[in-house]
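Peer 1: Sequence and predicted structure, then a few things I'm wondering about:
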Amino acid sequence: MDTKALRQKILDLAIRGKLVPQDPNDEPASVLLERIRAEKERLIAEGKIKRSKKSKASSSESHYQNFTPPFPIPDSWEWVRLEEIAYVASGSTPAKEYFKESGIPYLKMYNLRNQKIDFLFKPQYITKEIHNGKLAKSKAYSGDLIMNIVGPPLGKLAIIPNEIAECNFNQAAVVIRPYSEKNLINKYLFYYLSQMSEINSITTKGTAGQDNISLTQSQNMRIPVPPLCEMYRLVDKLDQYAELIGNLNDNALSIRSKIGTIKSKILELAMQGRLVPQDPTDEPAADMLRRVNPKARIITDNPHYPQLPDNWVWISIEDLNEYKPKSINPAESPSEIFDLYSVPIFPTGHPEKVIGKEIGSTKQSVQYGDVLLCKINPHLNRVWTIEVVSDNMQIASSEWIVIRSSSTYSTYLRWLFSSPFFRKLLCSQVSGVGGSLTRAQPAVVKKYLIPIPPYNEQIRIVSKIVELLSALTDIDSNLAD
């Protein structure tokens, strides 16, 4: 299920007054706005806030006539600008010397995670002196709404939780604090702005190409205000839907996690000879391998490895591999088109067609049926089977270990190299400086022992793997529909 689209549809209905029924007995939104304006005037008179320079001389006059409403709302609702109902201020960044190991919590945008404040993620603190002094305009309190105004991503929202009684925040955000009914209105604004239509309509590009919203644009955001009682009903219903969608997401994630586990289990069983039944009429793997390579060191029983069916064997990649390395210098054929199998192009599933003069280094010659095993981090899990016969010369970059075997079904080898058994083996023996510089060493990899079943069983195993994984993929796709 596409819970993101479901959430968006619910929010869209909510902000248009279509999610909960209107009650003709409710006081209209105009009554609520009058109380809010009166409270705003009181705060201005007491010097606790300043009147916006762009406000009308008459504090009782709504600004809704100065903009075109983006969509119709019920008659009992009112359009206003955000600054009419809430204090909106931008954040500040203090000098480094004001950051301390304890003090007043200081929020950065990485603390806005999953629509909540996660202050335990890289916590920072500033002194109380700078908080009450130079940064006093960017004070924030529990229950305040924080919205980031510099992207990407843009429009992250979070309500400051009760456990953070007082904090400060950086210049990439604004604080929104309603003059009246703070907790209710901020919850409503959280849902309204989460719908993103208003945020997207005022987003501009900064000098560095970043998406951003100015403080003035934030203050002038168009807000549809429902009657107070309807706002309570609306927020309550949205909370219920949020919990339901959260549960759906959790269930989908749980199912997807289980699907991943099942996929791994399928490959694990396949490589143990437990996915499909053995056929006693199949030519044993040992006979098949010796026919191709009489000198192959074949192991039928190894105490360090899982027990295999009687007609399976263990064999090293070195004894299985018939590939003879051959270097190709494409620059010697500047006008010729090559099919280039490179690590970066792997996600497309197709080789890159490149003329020789555009290829700057020697490559490996490869052909139909070869299996390419990536040896560099972070792409050790990439395994590519060359499944097409091409009129162009086929080449591969040096980041691939090439395996060619006439005694094995190449697609079986691809699944074998993608199995948990081989992944664990390969990742446990990489070497290098660390991170992306680590890699599997071909001299080590060629010594690995791998399980080989009879050829016909290899085909049956691949068919069953494809069948089962296809069914799991369908389930996964249905979760997103």
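Peer 2: That came through, no problem.

Peer 1: Please make it C-alpha for all contacts and neighbour counts, starting now.
Peer 2: Fine.

Peer 1: any chance you could map the helices in the protein?
Peer 2: Applying DSSP state H to the chain gives helices spanning 3-15, 29-45, 82-85, 128-132, 182-194, 197-202, 215-219, 228-270, 285-292, 317-320, 410-418, 420-427, 442-445, 455-480.

Peer 1: And the ones you listed, which one averages the lowest pLDDT?
Peer 2: The minimum mean pLDDT among these belongs to helix 197-202 (a mean of 85).

Peer 1: So which bits of that helix are buried?
Peer 2: Neighbour-count burial for helix 197-202 flags 198, 199 (criterion: 16 or more other CA atoms under 10 Å).

Peer 1: Pick the most deeply packed of the helices of the chain.
Peer 2: Highest mean neighbour count of the helices of the chain: helix 82-85, a mean of 24 (counted as mean count of other CA atoms under 10 Å).

Peer 1: re earlier: residue 397 is nearest to which of the helices of the chain?
Peer 2: Closest approach to residue 397 among the helices of the chain is made by helix 442-445 (14.1 Å; CA to CA).

Peer 1: Outside of the closest one itself, which residues are in contact with it?
Peer 2: 317, 375, 401, 426 (CA atoms under 8 Å, 6 or more residues apart in numbering).

Peer 1: Widest-spaced pair of the residues you listed?
Peer 2: Distance extremes for these: the farthest pair is 317 and 375 at 14.5 Å, using CA to CA.

Peer 1: Among the helices of the chain, which comes closest to residue 172?
Peer 2: Among these, the nearest to residue 172 by CA to CA is helix 215-219 (10.2 Å).

Peer 1: same for that closest one, what does it pack against?
Peer 2: Secondary-structure packing of helix 215-219 (3 or more CA pairs under 8 Å, 6 or more residues apart in numbering; DSSP states H and E): helix 82-85, strand 86-90.

Peer 1: List the strands paired with the longest one, with their directions.
Peer 2: Using DSSP bridges, the strands paired with strand 86-90 are strand 173-178 (antiparallel).

Peer 1: Quick one: work out the angle between the partner strand and helix 182-194.
Peer 2: Angular relation of strand 173-178 and helix 182-194 on a 0 to 180 degree scale: 130 degrees, by axes from the mean of the first three to the mean of the last three CA atoms, to 10 degrees.

Peer 1: So which bits of strand 173-178 are buried?
Peer 2: 173, 174, 175, 176, 177, 178.

Peer 1: Could you do stretch 106-117 as well?
Peer 2: 106, 107, 108, 109, 111, 112, 117.

Peer 1: Same list (the residues you listed) but as TSV, adding distance to residue 192 and pLDDT.
Peer 2: Listed next are the buried residues of stretch 106-117 as TSV, based on distance: CA to CA, whole Å; pLDDT from 0 to 100:
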residue	distance to residue 192	pLDDT
106	26	95
107	23	94
108	23	92
109	20	91
111	21	92
112	17	91
117	18	93
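
Peer 1: which of those residues lies closest to residue 87?
Peer 2: Checking these against residue 87 with CA to CA, the nearest one is residue 107 at 18.6 Å.

Peer 1: Would you confirm that that closest one contacts residue 120?
Peer 2: No - using CA atoms under 8 Å, residue 107 is not in contact with residue 120; the gap is 10.4 Å.

Peer 1: what about residue 143, distance to residue 158?
Peer 2: According to CA to CA, to the nearest Å, residue 143 stands 9 Å off from residue 158.

Peer 1: Likewise for residue 429?
Peer 2: Separation of residue 429 from residue 158 (CA to CA): 44 Å.

Peer 1: Among the two, which residue is more densely surrounded?
Peer 2: Legend: neighbour count by other CA atoms under 10 Å for residue 429 and residue 158, higher for residue 158 (25 against 13).

Peer 1: pLDDT wise, what is that one at?
Peer 2: Reported pLDDT for residue 158: 94.

Peer 1: Residue 99 contacts residue 129, doesn't it?
Peer 2: No - counting by CA under 8 Å, residue 99 sits too far from residue 129 to count as a contact (11.2 Å).

Peer 1: All set, thanks.
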